[in-house]
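In: Provided below are the primary sequence and the corresponding predicted coordinates.
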Amino acid sequence: MQKQKLAVCLLLLSLVTFGIFAYVSASGSFGFEVYETHTRAWHINLDTVYVGIPKSFNVTVECKEETGEFLITYHLEISGPESLCNDYLRLSWRDTDGADFTIGKDGHQQFSGTTILTWNSQSVEFKAEHKNNITLTLTFLTLDALGDYNAKMWVAFTEKPIEAQVRITPKILNIKSHGRWVTAHIFLPEPYNEKNIDINSVELWYNGVFVQAEWGIATKHSLMVKFPRDKIIEMLKGEEGPVELRVTGLVNGIEFYGTDTITIIDP
């Protein structure tokens, strides 16, 4: 019946749109494209949406790079009346990468917040020259949803971190010792060269805390970096036995990481 119909406008740039924005979150310029399948525009016209009547539209995310592996995170944001909450709507997501789930009331995942609903995916791998075709189906579930809406979607992408081999010494660290350094040797996979590592970016992490490298030098097959032992011991205070340490940094502006296990003793 006509009285049961609710026209919900998604206003963006004074139009009824679902806005699609590409957002670069890493250094460098990557050849990613986000576009609506038919018009290849970044705005999708939803026209009129009625309560209980699904409205579908298609989006494509494409990587134009010829080589490389990337991580991509999808983001959604819908803003509306002050009473807007997760129970007002359901959004079905299905794509050619195999994802099939719903967000919102009774869905596999939920929106966060009120008035402004947000959702973001876990980071997933996205290879060069890959294309993901996404079908989004939006259904409003209640007459309480009356009002004007803004909605947008965007993607954040970075180059996939490089997995390096790391060897940390000493393998047994006596927290009462008076040595000066903890040393890490970093070995990168081809085609990356250890000489191109930004030494100022190299950090050694444990439980969310890090110590920055003080200096380093490239050898024939690795980069040797030195961390102040007193700061490492302070970071590991209270630990005994085997601990896994993580070394991170940048090579040619791309993040790398590697782990190694040492043993902490407190004689």
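Out: It's in.

In: hey, where'd the helices end up in the stretch 151-267 of the chain?
Out: Secondary structure of the stretch 151-267 of the chain (DSSP state H, counting those that start in this stretch): helices at 229-235.

In: Residue ranges in it under the pLDDT threshold?
Out: Within the stretch 151-267 of the chain, the set of residues satisfying pLDDT under 70 is empty.

In: same check, this time on the stretch 1-150 of the chain
Out: Counting by pLDDT under 70, the stretch 1-150 of the chain has low-confidence residues at 1-30, 35-49, 145.

In: residues contacting Thr219?
Out: Contact partners of Thr219, counting by C-beta atoms under 8 Å, 6 or more residues apart in numbering, are 185, 194. Quick note: C-beta positions are derived from backbone N, CA and C, even for glycine.

In: How about the backbone phi and psi for it?
Out: phi -100, psi -170 (degrees, to the nearest 10).

In: do you know how far it is from Ile168?
Out: Separation of Thr219 from Ile168 (C-beta to C-beta, to the nearest Å): 16 Å.

In: Tell me how far the nearest residue to Ile53 once chain neighbours are set aside lies from Gly104.
Out: Using C-beta to C-beta, 6 or more residues apart in numbering and skipping residues adjacent in sequence, the residue nearest Ile53 is Thr139, 7.3 Å away. Per C-beta to C-beta, Thr139 is found 8 Å from Gly104.

In: More neighbours: which of these two?
Out: Gly104 (24 against 19; other C-beta atoms under 10 Å).

In: residues contacting the residue nearest to the more buried one when sequence neighbours are not counted?
Out: Nearest-residue entry for Gly104: Arg90, 4.0 Å, with adjacent residues in sequence omitted and distances by C-beta to C-beta, 6+ apart. Going by C-beta under 8 Å, 6+ apart, Arg90 touches 102-107, 138-139, 141.

In: check which helix or strand covers Arg90.
Out: strand 89-95 (DSSP states H and E).

In: Tell me the strands beside that strand, with direction?
Out: Strand pairing for strand 89-95, using DSSP bridges, gives strand 100-104 (antiparallel), strand 131-140 (antiparallel).

In: Could you list the buried residues of the very next helix or strand once past the first one?
Out: On the C-terminal side of strand 100-104, the nearest following helix or strand under DSSP H and E is strand 116-120. Residues of strand 116-120 classed as buried by neighbour count (16 or more other C-beta atoms under 10 Å): 117, 119.

In: Check which helices and strands strand 116-120 sits against.
Out: The contact analysis (3 or more C-beta pairs under 8 Å, 6 or more residues apart in numbering; DSSP states H and E) places strand 116-120 against strand 69-79.

In: which residues are in contact with the strand it packs on?
Out: Applying C-beta under 8 Å, 6+ apart, the contact partners of strand 69-79 are 10, 23, 30, 32, 61, 63, 84, 89, 91, 103, 111, 115-128, 149-161.

In: taking these one by one, which sit in strands?
Out: Counting by DSSP state E, the part of the contacts of strand 69-79 found in strands is 10, 23, 32, 61, 63, 89, 91, 103, 116-120, 124-127, 149-159.
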